[in-house]
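the sequence and its predicted three-dimensional model are supplied below.
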Amino acid sequence: MTFNFSKLFIGFSASLLVMSCGTTSLVSTPIENIDTTPLKLAELSDSEKKNWGHLDLVADTIPGMSVDKAYADIIGNKKGQKVIVAVLDSGMDLKHEDLDGILWTNKGEKPSNGIDDDGNGYIDDIHGYNFLGESYNEQLEYARIVRLNIGDAALQSKAKKQLEENYQKAIQNKQQYEQILQAVKTADEAIKEKLGKDTYTKKEVAAIKPENQAMQQHVGIISQMFTFADSIADVYKDLNAGVKHFTEQLNYNYNKDFDGREVVGDNPYDINDLGYGNGNPQNLVEDESHGTHVAGIIAAERNNGKGVNGVANNVAIMSIRAVPNGDEYDKDIALGIRYAVDNGAKIINASFGKSFSPNAEWVYDALKYAAENDVLFVHAAGNEGADLDDVNNPNFPNDQVNNGPEIADNVITVGALSSKYGSEMVATFSNYGKVNVDVFAPGDNIYSTMPNNEYEYQGGTSMAAPAVAGVAALLRSQYPKLTASEVKHIIMESGLAPMTKVVLAGDAAITATLNKVSTSGKIVNAYNALIMADGVSKGKIKI
């Protein structure tokens, strides 16, 4: 899993969207040209912030997926056929108030009896499976390559160089966050004393007339912090999270002497060493929140008066715990894919990725197996702000080798959008690539479920992938005869295609149109996808 803590460092279709498919033309959103859509100048309201990924570009001038419009104008009360979506991720909170009603349940298994009742090779797998056992913290793959001398000399040299560079960066980042944190604490205490109160507003700070240089500096620091968060308490939360993140990197991810797998008891580099893990994919610790957040984006219970609405309305979530606080193992991912396929999943969401994959062939074989069994694999593009078409920027798992032909037609890779339509709509962290990224979808500042019945904003391509998995689930629910390949291409071809140049990696010097940095050139649109799916299912549209 990749996290993005760059924010503080930086500053301290159309009236006529016509798609020709055979002899059929699809007319979708009623505006003449999406590039003339006015920018959203006002700040998003609280309700818009929490739901922006579901909003409509035409009605709201926000590059959401028109999910609300799709329900209002197309789906209505039509439930469709239930679709099993596997969340191949960290563990998730199976008891969450917004998720407990949409869990997949293995009816062939009796809970907690220590017996593989259904004979699928996994004991007590009631709501999924846990391939990590009691482990949580892990190294990144290149640290494991160095520790275990995996691969040839060239691979080991490359891994060692990456490890040394990132270890030093983590030290520097941790020190910078600690320095910023201390500066904020000092300034916060001075402002509190000056105002004679424990809490204060941005306006109150701006009204202070500093009597000396020290107070002027304190006011400057706190004023700057208010540009990053609504309150100083939130600033503390973000800074402490940053310190913790970089500390964990040094202690676990980049620590070449750490062995997080020992507690599991298997050999993670032997695909035939089976029988490890357990049947409980519940998150192990509160900080293990990623899978819970992802699941909520896909299918949090709709219109129950709690939290958030997921994209899809008739889904059973299968939880497969295979992504630790560090890099996932190829073995766990390969077996997790096969588990999902064998137990009825029609869509697998994969919000993870890594730059080294010593046993990539195991995962390629599993993806081919999923394709043979008509299962769609939705993958996050990654958060390095990198061009994945550059062979020096790999993001595993993928569906081709060195930009070659796809190994199977069931993988869709998703980049992330921000809520600001126009040149800044590609999230600053999102990877991109004409060959390696298929579509873009909402992924920045997404509100969703968190452990212990909580809700929170998180950002990443990890959030964009489940948005697309939710749309795929809608299509497979309403039109169950569509194949995984058809669903993939419907999502790609039915999106909106703005031709404005977008800023990439947050660097104004790097710009391109979406059709130059993704295969489809489109932003995903659930409303259009359902229209096209109807045409494809009736044989009126060929893709």
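Cool, the structure landed.

report pLDDT for V58.
V58 is assigned 87 on the pLDDT scale.

repeat for the one 3 residues further on
T61 carries a pLDDT score of 89 in this model.

show me the contact partners of the helix or strand hosting R147.
Assigned by DSSP states H and E, R147 belongs to helix 141-148. Helix 141-148 is contacted from outside by 139, 150-151, 155-156, 158-160, 162-163, 253-259, 269, 327, 354-358, using C-beta atoms under 8 Å, 6 or more residues apart in numbering. Placement of C-beta: from N, CA and C, glycine included.

in helices only, show me those residues.
Among the contacts of helix 141-148, DSSP state H puts 155-156, 158-160, 162-163 in helices.

just send these back as JSON lines, with neighbour count and distance to T513 too.
JSON lines is the format used below for those (neighbours: other C-beta atoms under 10 Å; distance: C-beta to C-beta, whole Å):
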{"residue": "L155", "neighbour count": "15", "distance to T513": "36"}
{"residue": "Q156", "neighbour count": "16", "distance to T513": "40"}
{"residue": "K158", "neighbour count": "16", "distance to T513": "33"}
{"residue": "A159", "neighbour count": "25", "distance to T513": "36"}
{"residue": "K160", "neighbour count": "15", "distance to T513": "39"}
{"residue": "Q162", "neighbour count": "19", "distance to T513": "32"}
{"residue": "L163", "neighbour count": "22", "distance to T513": "37"}
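
hang on, isn't V437 packed against L417?
No. Assessed by C-beta atoms under 8 Å, V437 is found out of contact with L417, at 11.9 Å.

more neighbours: which of those two?
Neighbour count, other C-beta atoms under 10 Å: between V437 and L417, L417 has more, with 31 against 28.

and the more buried one, what are its bridge partners?
V426, P442 (DSSP bridges).

all further residue positions should be reported with the first residue as 595.
All set: I'll call the first residue 595, so the last point we hit is now L1011.

gap between it and L1069?
L1011 sits 20 Å away from L1069, going by C-beta to C-beta, to the nearest Å.

now do I668
Using C-beta to C-beta, I668 is found at 11 Å from L1069.

what touches both of these two?
In contact with both I668 and L1069: L1124, using C-beta under 8 Å, 6+ apart.

comparing the two, which residue is more hemmed in?
A count of neighbours by other C-beta under 10 Å puts L1069 above the other of I668 and L1069, at 30 against 18.

got a list of what the more buried one touches?
Residues near L1069 by C-beta under 8 Å, 6+ apart: 1076, 1081, 1084-1085, 1123-1124, 1127.

hmm, back to that, just the buried ones from the contacts of helix 735-742?
The neighbour-count test (16 or more other C-beta atoms under 10 Å) marks 733, 744, 750, 752-753, 756-757, 847-850, 852, 863, 921, 948-952 as buried among those.

among the residues you listed, which ones are in strands?
Using DSSP state E, no member of these falls within strands.

which other residues reach the helix or strand where K838 lies?
Element membership for K838, per DSSP H and E: helix 826-842. For helix 826-842, the surrounding residues in contact (C-beta under 8 Å, 6+ apart) are 597, 599, 601-602, 731, 764, 767-768, 771-772, 774-775, 778, 782, 816, 819-820, 822-823, 919.
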